[in-house]
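no FASTA, just this:
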Ligand SMILES: NC(=O)C1=CN([C@@H]2O[C@H](COP(=O)(O)OP(=O)(O)OC[C@H]3O[C@@H](n4cnc5c(N)ncnc54)[C@H](O)[C@@H]3O)[C@@H](O)[C@H]2O)[C@@H](O)CC1
Ligand SMILES: [K+]
């Protein structure tokens, strides 16, 4: 599990630890980890050219001490000081003592151009709102140089708590972060600025519940449903799929294709696309009598390809089993009916659908994904899975949210969301909580998307067919 904590929590943990340690010990731990990561990246430290971009806070301090360590190992180190009068004094002394030099920003051009490695120590968790005008040109210089760029703690200019980027920010090849991941390092758009991320343990004691988690293989393996010896199809759960329309029968087929591979014991399809579903998946239980009279299920999926028929959506929302609400279903669902439910609801919008529900623009949602998913979850009193490059899942209680690490741009293909909704619905029927069902489905689906694509375009049905291979890979 990768865990991320917001700045306020990190600060508290840092204060508690600092009170028990000698002055500056924490910064030395950070600097040692940072210097080691830089040395790995450089391969050969001796004779390399390193430029430090140094702001006036402790982020600059970490950077100067790491620069001093590299200078001691024979690197030529030049620090560009954004505010020479407010530079971390101990860090600057250490760098000078180790043979490094300091220059003002107007002389940075040539140094950055010739550098092998640039360290971004402009601002860390103390930053807000994109880089200031005096710092922005340094980010641009770094981007234009052929040097590798290492961000110290986080790429300067991103919002650490949310992953928003409100202006110019540094683009790094590697981010060396201290104590814990910050949510912004795992959520787009900021995640893209961070490059790969390396965590340096500085001994922080953090609370049990992080703000954000990214599940890994072992976490997902532990959550995947596993049939017991005495399981029959009903004990494994029946998932109902109320999807598709005369106009969009394919959505029904794709949702069923995901549901059949999600661990439920049986899939019951309800709607006008029964013939198409049976032709492709004869194991499906098909009914055209509407959700209310279709027989017992342990969870419903409603909405994919539903067109404008609000009837099944209302019927499903009135049941007392978990409901996954997707696509047209999101538009057709009554807010009060969702809020009134006693069983869990999992809503799975993409950015455009989330924007429509929130009365904002797609760009706003994509730029502030964590805020959007939390707002929706609160508003609907439901668990919300916001699809996209870094799919997020958040519950209505404002607790730990999840971010999916397996996504791939190849999944942005027609029908891929229908497969995901079937898969997640199946996991709900098998007994997973809405948060687990959403995040496990996103994980498996992302991995299946990677397998299906394997470097070339793939259709949604290929993604569904790759689910068993992804499942096996996770479980083994
Ligand atoms: N507090 C601690 O115990 C530790 C802190 N560490 C480092 O300290 C950092 C936090 O240090 P600080 O609290 O001093 O804060 P920062 O160094 O992150 O930032 C504060 C400085 O950046 C400037 N600044 C703020 N927003 C800016 C913007 N948008 N553009 C340009 N400049 C901006 C401010 O004028 C201020 O001088 C962490 O990110 C980490 O790198 C590490 O040494 C580990 C221990
Ligand atoms: K930084």
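In hand now; what should we look at? The shown structure was predicted, so the numbers you read here are calculated from the model rather than taken from an experiment. Ligands and ions are numbered 1, 2, ... in the order given.

Could you use CA atoms for every contact and neighbour count after this?
Will do.

Surely residue 298 is in contact with residue 235?
No: between residue 298 and residue 235 there is no contact under CA atoms under 8 Å: 9.6 Å.

Between the two, tell me which one has more neighbours.
Neighbour totals were compared for residue 298 and residue 235, and residue 298 leads with 22 against 17 (other CA atoms under 10 Å).

Please report the distance of the closest residue to that one other than its chain neighbours from ligand 1.
Spatial nearest neighbour of residue 298, excluding adjacent residues (CA to CA, 6 or more residues apart in numbering): residue 429 at 4.7 Å. Computed as CA to the nearest ligand atom, to the nearest Å, the residue 429 to ligand 1 distance reads 43 Å.

Enumerate every residue touching residue 429.
By CA atoms under 8 Å, 6 or more residues apart in numbering, the residues touching residue 429 are 236-239, 264, 297-300, 322.

measure it to residue 8 for me?
38 Å (CA to CA, to the nearest Å).

can you check residue 285 too?
With CA to CA as the criterion, residue 285 and residue 8 are 52 Å apart.

Of the two, which one has the most company?
Just comparing residue 285 and residue 8: by other CA under 10 Å the higher neighbour count belongs to residue 285, 17 against 11.

which SS class is the nearest residue to residue 381 once chain neighbours are set aside?
For residue 381, the nearest residue in space outside its immediate sequence neighbours is residue 396; the separation is 5.0 Å by CA to CA, 6+ apart. Classification of residue 396 by DSSP: H, G, I helix; E, B strand; the rest coil places it in coil.

now swap in residue 250 and tell me
Of the three states, residue 250 takes helix under three-state DSSP.

measure the closest residue to residue 74 other than its chain neighbours to residue 10 for me?
Counting by CA to CA, 6+ apart, residue 46 is the residue found nearest to residue 74 once chain neighbours are left out, at 4.2 Å. Distance of residue 46 to residue 10, given as CA to CA: 35 Å.

Now do residue 377, the pLDDT please.
Each residue has a pLDDT score; the one for residue 377 is 98.

any idea how far it is from residue 401?
When distances are taken as CA to CA, residue 377 and residue 401 turn out to be 11 Å apart.

Same check on residue 257?
Distance, residue 257 to residue 401, by CA to CA: 28 Å.

Residue 23: how many residues sit nearby?
Residue 23 has 10 nearby residues by other CA under 10 Å.

SS state for it?
Strictly by three-state DSSP, residue 23 counts as coil.

And for residue 198?
When the structure is reduced to helix, strand and coil (three-state DSSP), residue 198 reads as strand.

rewinding a little: between residue 46 and residue 10, point out the one with more neighbours.
In this comparison of residue 46 against residue 10, neighbours counted by other CA under 10 Å, the higher total goes to residue 10 at 21 against 15.

Next, work out how far apart the more buried one and ligand 2 are.
Between residue 10 and ligand 2 the distance, using CA to the ion, to the nearest Å, works out to 16 Å.

go on, residue 216?
Summarising the geometry, the distance separating residue 216 from ligand 2, computed by CA to the ion, is 26 Å.

okay but that residue is in contact with residue 223, surely?
No: with the criterion set as CA under 8 Å, residue 216 and residue 223 do not qualify as a contacting pair; they are 11.1 Å apart.

neighbouring contacts of the helix ranked longest in the chain?
Ranked by residue count, the top helix of the chain under DSSP state H comes out as helix 434-453. With CA under 8 Å, 6+ apart as the test, helix 434-453 has contacts from 215, 220, 223-224, 322, 344-346, 383, 385, 391-395, 402-408, 410-411, 420, 423-425, 427-428, 458, 462-467, 469-471.

Just the pLDDT for the residue nearest to residue 381.
Taken from the predicted model, the pLDDT recorded for residue 396 is 96.

For it, what are phi and psi?
Comment: the main-chain dihedrals of residue 396 come out as phi -70, psi -20, following degrees, to the nearest 10.
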